[in-house]
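Peer 1: I'll drop the sequence and a predicted model, then ask my questions.
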Amino acid sequence: MADIQELQRIASQVRRDIIRQVYLCQSGHPGGSLGNADLLTALYFEVMENDPSFNMEGKGEDIFLLSNGHISPVFYSVLAHRGYFPVKELATFRQINSRVQGHPTTHEGLPGIRIASGSLGQGPSVACGMALAKRMDGDDKTVFVLTGDGEQQEGQIWEAALFAPHNKLDNLVLIIDDNGQQIDGPTEEVLKLGSFEDKYKAFGWDIMHMDGNDMAETVKVLKEAKAKRNGKPTCIVMKTEMGKGVDYMEGTHKWHGKAPDDELTEKALAQLEETLGDFPA
Amino acid sequence: MLSLDKLQQTGKKATRDGFGAGLKAAGDKHDNVIMLTADLRGSMKSEDFINTYPDRFIQCGISEANMMGVAAGLATAGKIPMTTTFANFSTGRVYDQIRQSIAYSDKNVKICASHAGLTLGEDGATHQILEDIGMMRMLPGMTVINPCDYNQTKAAVQAIAEHHGPVYLRFGRPGWPIFIPEDQKFEIGKALHLNEGSDVSIFATGHLVWYAVEAARELEAEGISVDLINIHTIKPLDEAAVIASAKKTGAVVSCEEHNKYGGLGSAIAECLSKSAPTFQEFVATDDTFGESGKATDLLDKYGLGIKDIVAAAKRAVAKK
């Protein structure tokens, strides 16, 4: 049985790390990162069977791939606290000579990263490949992949959306971060996405919904999705709030890719409890 | 040691047939070799592999971008995926997928591209890519190989299965003379010396190697001694072989079924300009798209014929 309060405490530290990472380099994407702190905490600390000693192939492990690579601060914080690499390395985010690159990459050898992402729309295809390999190898573990909602405007997404059901990849879980925002504004204004449920159902996926900022619900739905083996891939339409946890960042696209100044950083950190210890700046 | 008199046509088959034979051999040896295609299995001459290993064949449909990503995922899990489609759809159409998910992500994916260049023929310019070597050569860490006949292609496929890292393997559609000995060893990154000579160096890749052999025979008959070198691996380039030959002859011709920009000719010029500046003639397409027609007619029309190589060699020699 999951200790929801403990997971929430971890997520609070992850949110602090996100703010402090982007503040230190005055660069990066805090909005979507904050919105996904609960999801990644739930995956890495409760739902997935994963090994922080890290091997690239991930045989016998559940896999997570981040397709919307710009929310790297949340990914890095969760990986570091899970033990993939030293937490102190978060201070090097986006700095020269760092493994903690602006967007995730395998190129610098940072443990926990299996594919570079940043150019959008590519993660689901890679996840299909990993899910196929698991089936070929008789490995019953699950592959999770996260995309943004704006990212669903990429054409390659829909190639993968056809491929996964055709190949009955029921060990694949696609999570769409449905926060309704992208860089240029609300998705409704930039390019309407319509109903993810209708679209993915029509493509042959199972659909689930969850509030990605409700830790108990997130854990429950992810565990159900992971347990499913019914010949169909699963798409979880996950409602989150961009900027969740920092009042002035919530519900707006304005903090998609902008770092707070001294005063606003202080204001943000005052709202987020330090639970595991801040990384040294 | 090979020489012009030993380079005789022993048959005629397409390089894509060599791919199919090499894939089957690589699949027999490595149970993690996986073939992917984007609705072009028939064109890839790989039925032998597919029928023998149906569970290691993945049909992606007309979704090349997804195919590259699926291959990256398979490679992450320790497979050796070989993607297959035409060269045009293997490169320009999916450049960003190759760049991010394969090259930058250090994935062991083999991009196997048929129907490259003008010799695709009647389908015309939409399908006749002449820029692919340049695009692939620019990607950090990408190995670029353009074998010249059935035997060399078959050997190359087996070699890339043994090599760890992303590879672009470029081959073609038409039936083409087989002339490389069946037992000739294929070493990635090692130039193959086809004839020892002293007046002019001819570096050739792909289909034009056979034309270069025929051109060299004509030149030798006219008293021009040809140092003929097959550059099957354009990246990494065998710089030592290129420099040694250029220093010996002082005149260079590059031959390729590709635009004059970015391909073999460029690679050789980049190499020689650093340490052995040499007059060079480029037998390549002249910054143009192709058109419909028969393969050999197109090679002649676009300046890639045997007579064009002969003329280029004479120009190079005259500049010395």
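Peer 2: Arrived safely. Numbers count the residues shown, from 1 in each chain, chains lettered A, B, ... in the order given.

Peer 1: how close does B:Tyr95 sit to B:Ile102?
Peer 2: Shown here: B:Tyr95 relative to B:Ile102, a distance of 10 Å by Cβ to Cβ, to the nearest Å. Quick note: C-beta positions are derived from backbone N, CA and C, even for glycine.

Peer 1: Look at these two and report which has more neighbours.
Peer 2: The residue with the greater number of neighbours, taking B:Tyr95 and B:Ile102 and applying other Cβ atoms under 10 Å in any protein chain shown, is B:Ile102; the counts read 30 against 18.

Peer 1: Surely that one is in contact with B:Asp96?
Peer 2: No. Using Cβ atoms under 8 Å, B:Ile102 is not in contact with B:Asp96; the gap is 10.3 Å.

Peer 1: quick one, helices of the stretch 101-250 of chain A?
Peer 2: Assigned helices in the stretch 101-250 of chain A, in chain order: A:123-136, A:155-166, A:187-190, A:196-203, A:215-227 (criterion: DSSP state H, counting those that start in this stretch).

Peer 1: got the residue ranges for the strands in chain B?
Peer 2: B:11-14, B:33-37, B:57-59, B:80-86, B:110-114, B:143-145, B:167-170, B:175-178, B:192-195, B:200-204, B:226-230, B:233-235, B:251-259, B:279-285 (DSSP state E).

Peer 1: Direction included, what does the fourth one pair up with?
Peer 2: Each strand paired with strand B:80-86, and its direction, by DSSP bridges: strand B:33-37 (parallel), strand B:110-114 (parallel).

Peer 1: Look up how far A:Gly121 lies from the residue in the stretch 151-281 of chain A positioned nearest to chain B.
Peer 2: Nearest residue of the stretch 151-281 of chain A to chain B: A:Glu159, at 3.5 Å (Cβ to the nearest Cβ). Going from A:Glu159 to A:Gly121 by Cβ to Cβ gives 9 Å.

Peer 1: Quick check: neighbours shared by these two?
Peer 2: For the pair A:Glu159 and A:Gly121, residues contacting each of them under the criterion Cβ atoms under 8 Å, 6 or more residues apart in numbering or on different chains are B:Ala65.

Peer 1: returning to that earlier point: run through the residues that contact the residue of the stretch 151-281 of chain A closest to chain B.
Peer 2: A:Glu159 touches A:Ser125, B:Gly61, B:Ser63, B:Ala65, B:Asn66, counting by Cβ under 8 Å, 6+ apart.

Peer 1: Now the second one. Nearest residue, chain neighbours left out?
Peer 2: Nearest residue to B:Gly61, sequence neighbours excluded (Cβ to Cβ, 6 or more residues apart in numbering or on different chains): B:Asp39, at 5.7 Å.

Peer 1: OK, contacts around the most centrally placed residue in chain B?
Peer 2: With the centre of chain B defined as its mean C-alpha position, the nearest residue by Cα atoms, centre = their mean is B:Asn146, 1.1 Å away. For B:Asn146, the contact set (Cβ under 8 Å, 6+ apart) comprises B:Ala116, B:Ile133, B:Leu169, B:Arg170, B:Phe171, B:Thr205, B:Gly206, B:His232, B:Ile234, B:Glu256, B:Leu264.

Peer 1: hmm, back to that, report how many residues lie close to the residue nearest to B:Gly61.
Peer 2: 15.

Peer 1: The longest helix anywhere in chain A packs against which elements?
Peer 2: Counting residues, the longest helix found in chain A (DSSP state H) is helix A:4-25. Helices and strands in packing contact with helix A:4-25 are listed as helix A:30-35, helix A:37-42, helix A:72-82, helix A:215-227, helix A:262-269; criterion 3 or more Cβ pairs under 8 Å, 6 or more residues apart in numbering or on different chains; DSSP states H and E.

Peer 1: okay, the angle between that helix and helix A:215-227?
Peer 2: Using axes from the mean of the first three to the mean of the last three Cα atoms, to 10 degrees, the inter-axis angle of helix A:4-25 relative to helix A:215-227 is 100 degrees.

Peer 1: Please put the alpha-carbon coordinates of helix A:4-25 into CSV.
Peer 2: The C-alpha trace of helix A:4-25 is given here as CSV (Å, rounded to 0.1, in the frame of the first residue of the first chain):
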residue,chain,number,x,y,z
ILE,A,4,0.8,8.8,-0.2
GLN,A,5,2.0,11.4,2.3
GLU,A,6,5.6,10.3,1.8
LEU,A,7,5.2,10.5,-2.0
GLN,A,8,3.8,14.0,-1.5
ARG,A,9,6.7,15.0,0.6
ILE,A,10,9.1,13.8,-2.1
ALA,A,11,7.1,15.7,-4.7
SER,A,12,7.5,18.9,-2.7
GLN,A,13,11.3,18.6,-2.7
VAL,A,14,11.2,17.9,-6.4
ARG,A,15,9.2,21.1,-6.9
ARG,A,16,11.8,23.0,-4.9
ASP,A,17,14.6,21.5,-7.0
ILE,A,18,12.8,22.5,-10.2
ILE,A,19,12.6,26.2,-9.1
ARG,A,20,16.1,26.2,-7.9
GLN,A,21,17.5,24.5,-11.0
VAL,A,22,15.9,27.1,-13.4
TYR,A,23,16.7,30.0,-11.0
LEU,A,24,20.4,29.1,-10.8
CYS,A,25,21.0,29.2,-14.6
